[in-house]
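**Q** have a look; sequence and predicted model below, questions after that.
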Amino acid sequence: MSEPLTTPGEGFHPHLHDAAGQSAAPLRTRLHHVRAGALDGDTAQSGGMRRFAAVSGKTVGSEKLWMGQTHVAPSTSSSDHHHGESETAIYVVSGHPEFVFLDDTGVQPEEIRLRTSPGDYIFVPPFVPHREENPDPAEEAVVVIARSTQEAIVVNLPGLYVLGAGDA
């Protein structure tokens with residue numbers, strides 16, 4: 001049994017149409033299909049990166065979740081930043097992006113560089129300053145991001161610093 005593909009903006013039941021004189025179903029009563037080509041670039045940005053929302057309050061009416069893609073150009077790094085109160089999960093789709101933060105578990109704060117490959121995941125706790133880098137001179141890095149807040153929070157910073165226990 002093969003169902004036809006949904007068209008952009010249609011919900012779970014593309015074969016059901018709204019009856020004349022009735023309003024369309026509310027955003028929160030149906031599934032939403034967001035096609036790859038319909039991602040929204042009107043979102044918070046950091047230097048060196050392009051973020052595209054797929055699931056957000058604006059695109060589908062979500063209240064507690066933001067999900068989208070981030071593209072990091074070859075030989076580029078983002079600005080140092082954090083994502084406020086959001087927990088952030090990152091899935092590496094392509095390329096070998098590196099995620100950089102400061103760790104203070106030793107005598108002196110140390111810059112830690114997490115080198116990733118496609119299929120890897122990264123978790124970024126709330127308020128932790130970090131940056132993404134793509135050291136590859138030829139290949140763009142693409143990651144999928146999910147956040148625990150319904151919109152992309154990006155707080156650009158002048159530099160990395162260690163997040164103290166009382167800072168969060």
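**A** The structure has been received and is ready for your questions.

**Q** state the pLDDT value of residue 161.
**A** Listed pLDDT for residue 161 reads 92.

**Q** contacting residues for the closest residue to it other than its chain neighbours?
**A** The shortest distance from residue 161 to any non-neighbouring residue, by Cβ to Cβ, 6 or more residues apart in numbering, is to residue 129 (5.5 Å). Every residue, glycine included, has its C-beta placed from N, CA and C. By Cβ atoms under 8 Å, 6 or more residues apart in numbering, the residues touching residue 129 are 80, 81, 82, 101, 102, 157, 159, 160, 161, 163.

**Q** which of those residues has the most neighbours?
**A** Highest neighbour count within these, by other Cβ atoms under 10 Å: residue 82, with 25 neighbours.

**Q** for that residue, which residues make a bridge with it?
**A** residue 155 (DSSP bridges).

**Q** hmm, back to that, and the gap between the residue nearest to residue 161 and residue 64?
**A** Distance from residue 129 to residue 64, counting by Cβ to Cβ, to the nearest Å: 24 Å.

**Q** can I get the contacts of residue 129 in TSV with secondary structure?
**A** TSV is the format used below for those (DSSP: H, G, I helix; E, B strand; the rest coil):
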residue	secondary structure
80	coil
81	strand
82	strand
101	strand
102	strand
157	coil
159	coil
160	coil
161	coil
163	coil
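
**Q** switch these over to TSV; also include distance to residue 68.
**A** Formatted as TSV, the contacts of residue 129 follow (distance: Cβ to Cβ, whole Å):
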residue	distance to residue 68
80	20
81	16
82	17
101	21
102	26
157	21
159	26
160	24
161	26
163	24
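
**Q** residue 59: what secondary structure?
**A** helix.

**Q** how many other residues sit next to it?
**A** A count of nearby residues for residue 59, using other Cβ under 10 Å, gives 21.

**Q** for the closest residue to residue 89 other than its chain neighbours, give the beta-bridge partners.
**A** Nearest residue to residue 89, sequence neighbours excluded (Cβ to Cβ, 6+ apart): residue 146, at 4.7 Å. Beta-bridge pairing for residue 146 (DSSP bridges): residue 67, residue 89.

**Q** fine, thanks again, bye for now.
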